[in-house]
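[1] Sharing a sequence plus its predicted fold:
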Amino acid sequence: MESPYGQQVVRKGRFLREQVYRKLKESILSAKIEPNQRLIEEKLANEMGTSRTPVREAIQKLEKEGLIHKLPRGGFAVNVITDEEIEEVFGVRSVLEGYAAYLATLRATDEDLCAMEAIVKQQEICLDNGETDEVVRLNTSLHDMIYACAKSKKLITIINDLRDLIFRYRILILRYEGMAAISIQDHKDMIALMRAKNARQVEKLVRKHIIRGMGLIKKKMGQEARRKRKPKR
């Protein structure tokens, strides 16, 4: 079975602890390690080609960040995504990113908008080629560009505090069948409105875009919960 950390073994050296932590965190955020999956130090250390010490330290750090929890009988497991967390994160996101898009519409240059359009075109190519991970990466790049165009340091700082959670949910949304195509169309509509300098409509579109994603995630989580409760025949 292929390791969720990829084929490259963690490099030994000065930054070993940080590398182990980063790889574990990326695996959780990208859903390569799924909610409720147990983390076993010895197994993780073997898969990552390191000792148990940096793995243990990474696990302690991830627990403090709220990505994993301690099990009653020992060990740790990845936190399950709850409806309350989804509503809270997406509610905050809709306000922050909507406002960022509003400011970006007023402050973006033609060069900025052309760069955004180039990203969306590349997204379409990747979608046609079935390159889902690249669609996610480009999606993140586009949103980062919108934040930068807003030219609000405080707003960017606040959004960056939610960055890991945003990325985790973005992956789940864009892997939902048909959602990547809808997302790309939303981006096209958004850029067209930005060119027209219709800041209020851009803000409304971004909020709608995010709330739709919240609905899809809640639906998917509900389906998975019902599937797990269904008795085996």
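    Nice, thanks for sending it over.

[2] what distance separates the longest helix anywhere in the chain from the centre of its chain?
    When the chain is parsed with DSSP state H, its longest helix is helix 199-229. On the basis of Cα atoms, centre = their mean, to the nearest Å, helix 199-229 sits 13 Å off its chain's mean C-alpha point.

[3] List the buried residues for the helix or strand of the chain with the lowest mean pLDDT?
    The helix or strand of the chain with the lowest confidence, counting by mean pLDDT, DSSP states H and E, is helix 163-174 at a mean of 80. By neighbour count with 16 or more other Cβ atoms under 10 Å, helix 163-174 contains the buried residues 164, 165, 166, 167, 168, 169, 170, 171, 172, 173, 174. Quick note: C-beta positions are derived from backbone N, CA and C, even for glycine.

[4] tell me which of those is nearest to residue 107?
    Nearest to residue 107 among the buried residues of helix 163-174: residue 166, at 21.6 Å, using Cβ to Cβ.

[5] before we move on, the earlier item: hey, what's the angle from the least confident helix or strand of the chain to helix 199-229? Just curious.
    Counting by axes from the mean of the first three to the mean of the last three Cα atoms, to 10 degrees, helix 163-174 lies at 70 degrees to helix 199-229.

[6] Counting neighbours, which bits of the helix or strand that comes right after helix 163-174 end up buried?
    Next helix or strand after helix 163-174 toward the C-terminus (DSSP states H and E): helix 179-195. Neighbour-count burial for helix 179-195 flags 180, 182, 183, 184, 186, 187, 190, 191, 193, 194 (criterion: 16+ other Cβ under 10 Å).

[7] got it, and stretch 28-45?
    Of the residues in stretch 28-45, 28, 29, 30, 31, 32, 33, 37, 39, 41, 44, 45 count as buried by neighbour count, 16+ other Cβ under 10 Å.

[8] Pretty sure the fourth one sits in a strand.
    No - the assignment for residue 31 (DSSP: H, G, I helix; E, B strand; the rest coil) gives coil, which keeps it out of a strand.

[9] what does the least confident helix or strand of the chain contact?
    The contact list for helix 163-174, computed with Cβ atoms under 8 Å, 6 or more residues apart in numbering, reads 25, 28-31, 65, 67, 86, 89-90, 93, 132, 135-136, 139-140, 159, 179-180, 183, 213, 216-217, 220.

[10] Would you show me how to pick out the buried ones of those in ChimeraX?
    A single ChimeraX command is used to select the members of the contacts of helix 163-174 judged buried by 16+ other Cβ under 10 Å:
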select :25,28,29,30,31,67,86,89,90,93,135,136,139,159,180,183,213,216,217
